[in-house]
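Participant: sequence and predicted structure below; questions after.
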Amino acid sequence: MSRGTGGIGGNRRVSALRRISGVAVMGMALAGAAGAQSFTQYPISGDGVGIANGPDGNIWFTERNAGKIGRITPSGGVTEFSIPTASSEPSSITRGPDGNLWFTEGAGKIGRITTAGAVTEYPLSNTSSTPSSIVLGSDGNLWFTEFALGKIGRITPAGAITEFQTPSDPAFIAPGSDGNLWFTERLGNHVDRITPGGVITQFPTLTMSRLYAITGGADGNLWFNSDSDNKIGRITTAGVVTEFNLPGTARGQGLTAGPDGNIWSTGDHEIARITTAGAVTEFPIPGSGGEVEGIVSGPDGNLWFAETDNKIGRFSLGLCTGSATSLCLNNGRFRVTTTWQTATGSGVGNAVSLTSDTGYFWFFSANNVEMVIKVVNGCGFNSRYWAFAGGLTNVSVTMTVTDTQSGTVKTYVNPQGVAFQPIQDTAAFATCP
């Protein structure tokens, strides 16, 4: 497994010129991790625990020991709101269907806060229930876990509460791609499914215990972790479990699906990226003095996380941002640009996205397509990302493909007056995962 801190190595090397199907290919690799990856931390008045996207384009979080709900803008401006109940101990937070944020309180309440900061609290039947995790369900209600009483709760946007008894002690809960809710058992070593009607089914893990967070992945499965085992688990909506080893002494805390299609986990002083094939890369957080708890993929394409040493952190993935002249392919990881030249002029290619992996460029008019490009993940076949392109032109074209995650750049050149030859580069980027 590799470790990175987001810095760029200063050494560069340029590979020998070679040709693929008649197109000149020049590869340049940057040593070290991607330079655009970086950490930024913002101080808050309490220990950060839960974190979620708000309907207002900001990120919202809980401060457990301070009894506050916080809001941070993508540019880092922090505003904090006190909860009326003393020693409320807010924990998890999620966006509701009503344009508000909903959160759990260790004091035995469910809270709602408007984007203007007005708080309403709904007490549960037992103040010792220890509500912890809360999410929005497919039925438009909020679902939460009551760890101490072994229950799953449901609260409507109007505040009506229903509780369902579970076989064990539910920890975290997440919506599944099947329309049900899925939750982890803290001590029972099961991942459970609960339907909107309250029917519960248990699925045992293989070896993992002390289960913790759970989240839905881009692959349609549920991913879960443990705060004692060095593993992360995946469960399909049919209940099939697979477990992957984590490096070193890594232990899980928060989980989220990232903007890059991977799963991201928090732990002690670091966050980790887990591909859907189970490959893990860790990123230590500079200057972190506490545990990293909740994590969410923000509206700005960055990862935001809460730290118990009174900080909110942001991790910039350095993902591609599309424009009129650049494509962002393979979940925003690869940036593609083109330039063209003829005997009488030159210019920059205009980009049009077709799918998450494919797009095309035009040079002279929008109805005159000049070349098509796709970048696909071949890591499961030969540990490479592949680049394929086809052209409908004989002008000089220089196509540049950049892996924004690793910093590696590949350049493909078609000479002037030569019909564009197909590019089938199945060894393009040795930068998996």
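Facilitator: Now that the structure is in, tell me what you want to look at. Numbers count the residues shown, from 1 in each chain.
Participant: any idea how far Trp182 is from Val240?
Facilitator: Separation of Val240 from Trp182 (CB to CB, to the nearest Å): 13 Å. C-beta: built from backbone N, CA, C; applies to glycine.
Participant: the more surrounded of the two?
Facilitator: Trp182 (26 against 10; other CB atoms under 10 Å).
Participant: and the helix or strand containing that one, what does it pack onto?
Facilitator: Here Trp182 sits within strand 181-185, counting by DSSP states H and E. In this structure, strand 181-185 packs against strand 170-175, strand 190-194, strand 211-216, with contacts taken as 3 or more CB pairs under 8 Å, 6 or more residues apart in numbering; DSSP states H and E.
Participant: mean pLDDT and mean neighbour count for those - can I get that in JSON lines?
Facilitator: Compiled in JSON lines, these are given as follows (pLDDT from 0 to 100; neighbours: other CB atoms under 10 Å):
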{"stretch": "strand 170-175", "mean pLDDT": "97", "mean neighbour count": "24"}
{"stretch": "strand 190-194", "mean pLDDT": "98", "mean neighbour count": "21"}
{"stretch": "strand 211-216", "mean pLDDT": "96", "mean neighbour count": "24"}
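Participant: any chance of those in TSV, with distance to Thr114 too?
Facilitator: What follows is those, written out as TSV (distance: least, CB to CB, whole Å):
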stretch	distance to Thr114
strand 170-175	23
strand 190-194	29
strand 211-216	26
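Participant: right, and those - which one's nearest Ile113?
Facilitator: strand 170-175 (19.8 Å; CB to CB).
Participant: partners of that closest one in the sheet?
Facilitator: Looking at strand 170-175 with DSSP bridges, its partner strands are strand 181-185 (antiparallel).
Participant: quick one, the strand it pairs with and strand 190-194 angle?
Facilitator: Here strand 181-185 points in a direction 150 degrees away from that of strand 190-194 (axes from the mean of the first three to the mean of the last three CA atoms, to 10 degrees).
Participant: state the mean pLDDT of strand 181-185.
Facilitator: In this model, strand 181-185 has a mean pLDDT of 98.
Participant: and stretch 426-433, by the same measure?
Facilitator: 91.
Participant: list of residues touching that stretch?
Facilitator: Stretch 426-433 is contacted by residues 262, 273, 275, 277, 279, 281, 334, 375, 378-379, 382-387, 401, 403, 405-406, 408, 410 when judged by CB atoms under 8 Å, 6 or more residues apart in numbering.
Participant: relative to Leu303, how far out is the residue positioned nearest the centre of the chain?
Facilitator: Compute the mean C-alpha point of the chain, and by CA atoms, centre = their mean the closest residue is Gly258, 1.1 Å away. Going from Gly258 to Leu303 by CB to CB gives 6 Å.
Participant: spit out the residues that contact those two alike.
Facilitator: By CB under 8 Å, 6+ apart, the residues touching both Gly258 and Leu303 are Trp264, Ser297, Leu317.
Participant: okay, the second one: pLDDT?
Facilitator: The reference is to Ser297. For Ser297, pLDDT reads 93.
Participant: beta-bridge partners for it, please?
Facilitator: Leu303.
Participant: so who does it touch?
Facilitator: Asn53, Thr256, Ala257, Gly258, Pro259, Trp264, Leu303, Trp304.
Participant: count of residues packed around the last one?
Facilitator: Counted with other CB under 10 Å, the burial measure for Trp304 works out to 27 neighbours.
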